[in-house]
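Undergrad: Okay, predicted coordinates and the sequence, questions at the end:
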Amino acid sequence: MAEMDTSSGGGHKKGPGVKKAKKMSTRVDLTPMVDLGFLLITFFVFTTTMSQPTAMAMNEPKDDPDNQLKVKNSGVMTLLLGKDDQVYYYYGELVDPNTQFKGSNFKEIRQLIADKRNATPMGDLMYIIKADKESTFKNAIDILDEMTISNVPPGHYAEVDMSEGEAKLIKMTEDANGIK
């Protein structure tokens with residue numbers, strides 16, 4: 001009859017005359033994993049869609065004198081963009097710069113825009129945006145964002161060139177306030 005070896009060790013013998021078995025080290029080759037990683041990165045780069053640029057609807061003033069929008073002076077707010085994120089504003093037509101011309105910044109201008117929108121009938125409301133040569137493109141985008149945030153409908157704001165008198169007034173105000 002066959003004998004069954006029930007000794008511990010599963011056939012490994014211990015003792016003075018027994019050689020120890022050489023243990024083989026396990027080594028994992030990661031080269032295929034790196035190749036697979038680059039293939040996946042390449043696949044996702046080629047199959048993703050880039051974000052599409054979005055444009056803001058803005059009404060530009062037309063040069064047609066017969067088709068110009070007529071608004072009351074009481075419904076107009078002119079916003080002048082200066083350097084160092086300064087915003088200057090006045091209501092209506094600039095007659096007396098000492099009392100009408102005021103300065104602000106982008107933190108406070110949102111409330112001023114909203115106050116003007118709430119106090120003026122929508123048919124008479126108009127914002128005129130004028131950028132100084134020293135102002136940045138970021139400031140122009142920021143003021144358009146403020147119009148959108150304040151729920152000013154398109155057609156009630158326009159970007160216009162600044163006059164020489166307004167540019168001089170901004171320069172004098174910035175010099176007096178120490179803005180360089």
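TA: Great, that's in hand.
Undergrad: Next one: the closest residue to Leu81 other than its chain neighbours from Ile143, what distance?
TA: Nearest residue to Leu81 in three dimensions, chain neighbours excluded: Ser135, at 4.0 Å (C-beta to C-beta, 6 or more residues apart in numbering). Using the backbone N, CA and C atoms, a C-beta is placed for each residue, glycine as well. Remark: distance between Ser135 and Ile143 (C-beta to C-beta, to the nearest Å) = 9 Å.
Undergrad: and what of Val34?
TA: For Val34, the distance to Ile143 - C-beta to C-beta - is 50 Å.
Undergrad: More neighbours: which of these two?
TA: Between Val34 and Ile143, counted using other C-beta atoms under 10 Å, Ile143 has the larger neighbour count: 22 against 9.
Undergrad: returning to that earlier point: pull the number of nearby residues for the residue nearest to Leu81.
TA: 21.
Undergrad: Tell me how far it lies from Thr54.
TA: For Ser135, the distance to Thr54 - C-beta to C-beta - is 23 Å.
Undergrad: same deal with Gly178?
TA: According to C-beta to C-beta, Gly178 stands 38 Å off from Thr54.
Undergrad: In whatever helix or strand Arg110 lives in, which residues are buried?
TA: In the assignment (DSSP states H and E), Arg110 maps to helix 106-119. Neighbour-count burial for helix 106-119 flags Phe106, Ile109, Arg110, Leu112, Ile113, Lys116, Arg117 (criterion: 16 or more other C-beta atoms under 10 Å).
Undergrad: which residues sit against it?
TA: The contact list for helix 106-119, computed with C-beta atoms under 8 Å, 6 or more residues apart in numbering, reads 77, 79, 85, 87, 89, 91, 104, 125, 127, 139, 142-143, 146-147, 149-152.
Undergrad: Understood, closing this out.
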